[in-house]
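Visitor: below is the sequence, then the predicted model.
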2 protein chains.
Amino acid sequence: DMAVRHYTLDINLSTPGKMLGKSLQKLLPGLLSIFHEQELSETIHDTNGHGYLATFVGKNGRLVVLRVHSHGLVTIDLQCHEDDNIAQLDNVSDQKLPVLVRGAKVDRYWPTADGRLVEYDIDEVVYEEDSAYQNIKILHSRQYGNILVLDGDVNLAESDLAYTQAITGNGRENYAGKEVLILGGGDGGILAELVKQKPKMVTMKVIDGCKMYMRRTCGNTLDKLRGDCYQILIEDCVPLLKKYVQEGRTFDYVINDLTAIPISTSPEEDSMWEFLRLILDLSVRVLHPKGKYFTQGNSVNLKEALSLYEEQLGRLSCPVDFRKEVVCVPSYLEQWVFYTAWKK
Amino acid sequence: DMAVRHYTLDINLSTPGKMLGKSLQKLLPGLLSIFHEQELSETIHDTNGHGYLATFVGKNGRLVVLRVHSHGLVTIDLQCHEDDNIAQLDNVSDQKLPVLVRGAKVDRYWPTADGRLVEYDIDEVVYEEDSAYQNIKILHSRQYGNILVLDGDVNLAESDLAYTQAITGNGRENYAGKEVLILGGGDGGILAELVKQKPKMVTMKVIDGCKMYMRRTCGNTLDKLRGDCYQILIEDCVPLLKKYVQEGRTFDYVINDLTAIPISTSPEEDSMWEFLRLILDLSVRVLHPKGKYFTQGNSVNLKEALSLYEEQLGRLSCPVDFRKEVVCVPSYLEQWVFYTAWKK
């Protein structure tokens, strides 16, 4: 592997905490021995009065950046190659920040929707493909099983039954004999759960790879395009919804699993919001008067985006009421909002 | 705030992916404009044949480290002060890694038990105290509510009813009229849930701060040391357990919420394991023949530590059977193992 290991350590000298002091005591001998064991070329930089800055370049391309900021914060960066064994640093057990692994073949960093840095226990890229619509990856996580990642967003893991339960009403609905329309749902998770209740249903656009690598999620439902109580239509959902509107066809449940709410908060300009409004309006138009519309929102922290979505719900050609629920989806590493809407 | 913002960007030139290329296209103009807008002092370092390395020091203490590793990986680091407004970089929306904030007053990085780097949405330190036993922090998370952090480990958040449910048997038990002993449980979460079922119970060692700042977890149960169906004993649990053994007193349930299983895997040497074995043995000795012992394990990924724990379960003075369950505790950002044990 060509990865670079990046160790960071920060010590605040102006307010020396107990924990930080301990870290420093443990790390510094390790660092100093690295500095001394080899002939490091040291460069002291002129910072124009912004504290002390020295860089050290050593054997094997090791780089140390040592900064003492004028307000008393010390930051130390140590970068070395994956195969450069710095045993001293791996043994610094209470070192504050786990090592950043940069440029690894298997990327472990998949930020949350609310923009936080999180590292996953990914150990393998199981599947990767660029479809006409998106980049599709299936990554293996030791604790979450296979994870479907679409265009860099964590979409669903085999651990995430909580997602499927939330977007189907968390056990409050009875799907037996009902007409259900799933928009998206290409991982087969919703379909696999609902067929247990024997509804009549339609679904669309299978995501390549899921049939093979997300079997704990989809079961065998994606193996054929038609089952006893379902059919999978490989078409764009907008023309299909328009056709249903024209035919006057209605559904007891419409489950929109196409995409999360856009994070952008300029709905008038953004084509994602335009697409969302179009799908939402068509979905409600094909909804039976007593039917329910289920969809995911986004991270509970994206309050502006969620408010904007709720505004859109108030502007449909057919007025709706809605409620929302916050759910913990294991592999998301953030709390997620789900919506239920129905005709007034 | 004296924090330093640390942007990282990595580009693999040898296998240029679609996403990376896009990131590079977006970030590079921003970086170059920063390089050019000011008179940066550039230093090109001799790397002894380990690729290209240049450092740039600019106004306000900005530092850029640009490395081109010989195998084609480019790593860029940009460090600047919190108040140094680099608008170009904040607008690079699909930049891969969220910015690292180093040395901030409110620390957002609390690694998981299995050693992964995760950032929390912490916006406030609500409470901090060093007790005789541990460092106690209560931090406010936008999505998880207040989080109790003991010696740097995320212990319980107000969102984590799933933890309390798991360590009390996930609804499979009936506590009405039962004798329950809680070891630890100082946040009051277990107590608050169990009193709803009117058991007779004993618990120990309240954690300071929880009564005030974890009220969604503990309710009013910690406000007084004795309630209709509980008493809180402020004593060490080892002498207390020994006294109960001597008296021949037994409990229908013993819930050990003292600490997670030690991560260290040298149980013969480690005093944490010794303490764990002592508590475990005493707990089983005060357990009614038909009683149940509940406890948390650790991250599902720490397979070695979990195996060692299970070995200890096989070596008690009184033989037990056990089962385990993997549970998603929202604020943990990792899957957690819980154990139930009972006398053979």
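Guide: Yes, it's here. Numbers count the residues shown, from 1 in each chain, chains lettered A, B, ... in the order given.

Visitor: so is the residue of chain A positioned farthest from its centre in a helix, a strand, or just coil?
Guide: Checked against the mean C-alpha position of chain A, the extreme residue using CA atoms, centre = their mean is A:Glu39, at a distance of 44.0 Å. Secondary structure for A:Glu39, judged by DSSP: H, G, I helix; E, B strand; the rest coil, is coil.

Visitor: next one: it from B:Asp83, what distance?
Guide: Plainly put, A:Glu39 is 38 Å away from B:Asp83 if you go by CB to CB, to the nearest Å. Yep, even glycine has a C-beta here, placed from its N, CA and C like the rest.

Visitor: so what's the one residue in the stretch 151-300 of chain A that gets nearest to chain B closest to, chain neighbours aside?
Guide: At 5.1 Å from chain B, A:Val300 is the closest residue in the stretch 151-300 of chain A, using CB to the nearest CB. What sits nearest to A:Val300 in space, not counting adjacent residues and going by CB to CB, 6 or more residues apart in numbering or on different chains, is A:Gln335, at 4.3 Å.

Visitor: what does A:Asp270 give?
Guide: Computed as CB to CB, 6+ apart, the closest residue to A:Asp270 that is not its neighbour in sequence is A:Ser264, at 4.8 Å.

Visitor: can you check A:Lys178 too?
Guide: Looking at A:Lys178 with CB to CB, 6+ apart, the closest residue is A:Asp252, at 4.0 Å.

Visitor: what lines up beside the helix or strand in which that neighbour is found in the sheet?
Guide: Assigned by DSSP states H and E, A:Asp252 falls within strand A:251-257. Strand pairing for strand A:251-257, determined by DSSP bridges: strand A:179-184 (parallel), strand A:287-299 (parallel).

Visitor: what about it, average pLDDT?
Guide: Mean per-residue pLDDT for strand A:251-257: 96.

Visitor: flag every buried residue along it.
Guide: Under the neighbour-count criterion of 16 or more other CB atoms under 10 Å in any protein chain shown, strand A:251-257 has A:Phe251, A:Asp252, A:Tyr253, A:Val254, A:Ile255, A:Asn256, A:Asp257 buried.

Visitor: I'd guessed the residue nearest to A:Val300 sits against A:Glu325; true?
Guide: No: under the criterion of CB atoms under 8 Å, A:Gln335 makes no contact with A:Glu325, lying 10.5 Å away.

Visitor: can you say which of the strands paired with strand A:251-257 is packed in most?
Guide: strand A:179-184 (a mean of 23; mean count of other CB atoms under 10 Å in any protein chain shown).

Visitor: ok now that one, how far from the chain's centre?
Guide: 23 Å (CA atoms, centre = their mean, to the nearest Å).

Visitor: could you identify the helix or strand that succeeds it?
Guide: helix A:189-194.

Visitor: would you mind writing the CA trace of that next one as CSV?
Guide: Extracted in CSV, the C-alpha atoms of helix A:189-194 (Å, rounded to 0.1, in the frame of the first residue of the first chain):
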residue,chain,number,x,y,z
GLY,A,189,-34.2,-3.6,1.7
ILE,A,190,-37.7,-2.2,1.7
LEU,A,191,-38.9,-4.8,-0.8
ALA,A,192,-37.5,-7.7,1.2
GLU,A,193,-39.3,-6.5,4.4
LEU,A,194,-42.6,-5.8,2.7
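
Visitor: need the residues that contact it.
Guide: A:156, A:160-161, A:163-165, A:167-168, A:175, A:180, A:182, A:185, A:201, A:203, A:214, A:217-219, A:221-222, A:230, A:232, A:255, A:257 (CB atoms under 8 Å, 6 or more residues apart in numbering or on different chains).

Visitor: residue ranges with poor pLDDT in the stretch 1-150 of chain A?
Guide: Counting by pLDDT under 70, the stretch 1-150 of chain A has low-confidence residues at A:1, A:14-32, A:34, A:37-38, A:85-96.

Visitor: burial count for the nearest residue to A:Asn12 once chain neighbours are set aside?
Guide: Counting by CB to CB, 6+ apart, A:Leu73 is the residue found nearest to A:Asn12 once chain neighbours are left out, at 5.5 Å. By other CB atoms under 10 Å in any protein chain shown, the residues close to A:Leu73 number 22.

Visitor: hang on, A:Leu73 packs against A:Leu13?
Guide: Yes: counting by CB under 8 Å, A:Leu13 is a contact partner of A:Leu73 at 7.4 Å.

Visitor: which parts of the stretch 101-250 of chain A are helices?
Guide: A:161-166, A:189-194, A:210-213, A:215-218, A:237-247 (DSSP state H, counting those that start in this stretch).

Visitor: need these in TSV with mean neighbour count and mean pLDDT, can you?
Guide: TSV is the format used below for those (neighbours: other CB atoms under 10 Å in any protein chain shown; pLDDT from 0 to 100):
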stretch	mean neighbour count	mean pLDDT
helix A:161-166	20	97
helix A:189-194	25	94
helix A:210-213	18	92
helix A:215-218	22	94
helix A:237-247	15	94
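
Visitor: kindly indicate whether the closest residue to A:Val238 other than its chain neighbours is helix, strand or coil.
Guide: Spatial nearest neighbour of A:Val238, excluding adjacent residues (CB to CB, 6+ apart): A:Leu278 at 6.6 Å. Secondary structure, three-state DSSP: A:Leu278 is helix.

Visitor: kindly report the residues of the stretch 151-300 of chain A close to chain B.
Guide: A:Gly152, A:Ser159, A:Ala162, A:Ser299, A:Val300 (CB under 8 Å from any CB of the partner chain).

Visitor: re earlier: so what's the residue farthest from the centre of chain A up against?
Guide: Contacts of A:Glu39 by CB under 8 Å, 6+ apart are A:Gly58.

Visitor: ok, the residue positioned nearest the centre of chain A - contacts?
Guide: In chain A, the centroid-proximal residue (CA atoms, centre = their mean) is A:Val154; its distance is 3.0 Å. Shown in contact with A:Val154 (CB under 8 Å, 6+ apart): A:Trp110, A:Tyr120, A:Ile147, A:Leu148, A:Ser331, A:Tyr332.

Visitor: one more pass at 6 Å, please.
Guide: A:Trp110, A:Ile147, A:Ser331 (CB atoms under 6 Å, 6 or more residues apart in numbering or on different chains).

Visitor: ok, for it, nearest residue in space, not its chain neighbours?
Guide: Closest to A:Val154 by CB to CB, 6+ apart is A:Trp110, at 5.4 Å.

Visitor: quick one: neighbours of that neighbour, just the number.
Guide: 21.

Visitor: same deal with the one 4 residues further on?
Guide: Other residues lying near A:Asp114 total 20 when counted by other CB under 10 Å.

Visitor: hang on, isn't it packed against A:Asn298?
Guide: No: using CB atoms under 6 Å, A:Asp114 makes no contact with A:Asn298, being 8.4 Å away.

Visitor: state the distance from the closest residue in space to A:Ala162 that isn't next to it in sequence to A:Ala166.
Guide: Distances taken as CB to CB, 6+ apart put A:Val329 closest to A:Ala162, at 5.2 Å, once the chain neighbours are dropped. Counting by CB to CB, the separation of A:Val329 from A:Ala166 is 7 Å.

Visitor: swap in A:Leu280?
Guide: In terms of CB to CB, A:Leu280 sits 18 Å off from A:Ala166.

Visitor: how about A:Gly177?
Guide: 23 Å.

Visitor: which ones are touching A:Gly188?
Guide: A:Gly188 neighbours (CB under 6 Å, 6+ apart): A:Cys210, A:Cys218, A:Thr221, A:Leu222.

Visitor: 10 Å - rerun?
Guide: Contacts for A:Gly188 (CB atoms under 10 Å, 6 or more residues apart in numbering or on different chains) come out as A:156, A:164, A:182, A:195, A:203, A:206-207, A:210-211, A:214-215, A:217-223, A:232.

Visitor: and it, what pLDDT?
Guide: For A:Gly188, pLDDT reads 92.
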